[in-house]
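Peer 1: need a 3D model of the following:
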Amino acid sequence: MKVKIDKIINHGSDGERIVLNVLEDTDIGEYLILDTTYTSSGKVSNKVRHPYWFPDKKVKKGDKVVLYTKIGSNKSVQKTENTIHFFYWNLKSFVWNNEGDFALLLHVEEWESHRVQPE
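Peer 2: Modelled structure (predicted):
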């Protein structure tokens, strides 16, 4: 993947956020973050909660993407050599507040949707 999880900071508190490193130029809108847990055998559970699909935005190699779980407004801050892109999940509760919680990053290049229509 062109983006990797670096760390989760201040989990279970107001400053809770996940930091991603951009390894290659890409569109962050092709990525989702999910909250999940581990199974009893230590594998990633298929019980996913709190999906966050990033909005379309071009990011460059060396940039950081920071996703806060709290309420806020998305913005980007240019630094000397890279840009830090701040996104806000706009949740009123914490996501990674229990031991065993797991952040899952998915890359989604293609997808399809279908609206349910009345019969």
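
Peer 1: contacts and neighbour counts: CA atoms only from here.
Peer 2: OK.

Peer 1: what residues are up against I33?
Peer 2: 51-53, 103-106 (Cα atoms under 8 Å, 6 or more residues apart in numbering).

Peer 1: for V3, which non-adjacent residue is spatially closest?
Peer 2: V22 (4.6 Å; Cα to Cα, 6 or more residues apart in numbering).

Peer 1: and if you look at T83?
Peer 2: Nearest residue to T83, sequence neighbours excluded (Cα to Cα, 6+ apart): D63, at 5.0 Å.

Peer 1: still on that earlier bit, tally of neighbours for the residue nearest to V3?
Peer 2: Neighbours of V22 under the rule other Cα atoms under 10 Å: 22.

Peer 1: okay, and the beta partners of the residue most central in space within the chain?
Peer 2: Nearest to the geometric centre of the chain sits I33, at 3.6 Å (Cα atoms, centre = their mean). Counting by DSSP bridges, I33 is bridged to Y52, L105.

Peer 1: report pLDDT for the residue nearest to T83.
Peer 2: pLDDT for D63: 98.

Peer 1: same deal with K43?
Peer 2: The model reports K43 with a pLDDT of 73.

Peer 1: same check on I18?
Peer 2: The model reports I18 with a pLDDT of 96.

Peer 1: does it lie in a helix or a strand, and which?
Peer 2: Element membership for I18, per DSSP states H and E: strand 17-22.

Peer 1: tell me the buried residues within the contacts of I33.
Peer 2: Neighbour-count burial (16 or more other Cα atoms under 10 Å) applied to the contacts of I33 gives 52-53, 103, 105.

Peer 1: before we move on, the earlier item: partner strands of the strand holding I18, with direction?
Peer 2: Note on strand 17-22: by DSSP bridges, its sheet partners are strand 3-9 (antiparallel), strand 64-68 (antiparallel).
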